[in-house]
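[1] Please work out how this folds:
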Amino acid sequence: MEHNKLAGEPLTYQRLSNQGGTMIQLLVGQLFLFTVQRYLIGLSGDDLVKSVDH
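    The predicted structure follows:
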């Protein structure tokens, strides 16, 4: 099952995706949604965006 071609980063990434890939995907998805929401809110209120950026 081991591929010698995937030495280094791809192998590490594969191991990560096997162990906690689902959790990482959920966290990334939530961060993405959070950022999009902040951006959309920022379109209507720049003060909020400035406070969030800091």
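
[2] Poorly predicted segments of the protein, please.
    Applying pLDDT under 70 to the chain flags the ranges 1-19, 45-54.

[3] repeat that for 80
    1-21, 43-54 (pLDDT under 80).

[4] so which strand or helix has G21?
    If you go by DSSP states H and E, G21 is part of helix 9-44.

[5] Tell me the spacing between R38 and L26.
    19 Å (C-beta to C-beta, to the nearest Å). C-betas here are computed from N, CA, C, even on glycine.

[6] cool, T35 as well?
    15 Å.

[7] repeat for Y39
    Relative to L26, and taking C-beta to C-beta, Y39 is found at 20 Å.

[8] likewise Q37?
    Taken as C-beta to C-beta, the span from Q37 to L26 is 16 Å.

[9] And F32, by the same measure?
    As judged by C-beta to C-beta, F32 and L26 stand 11 Å apart.
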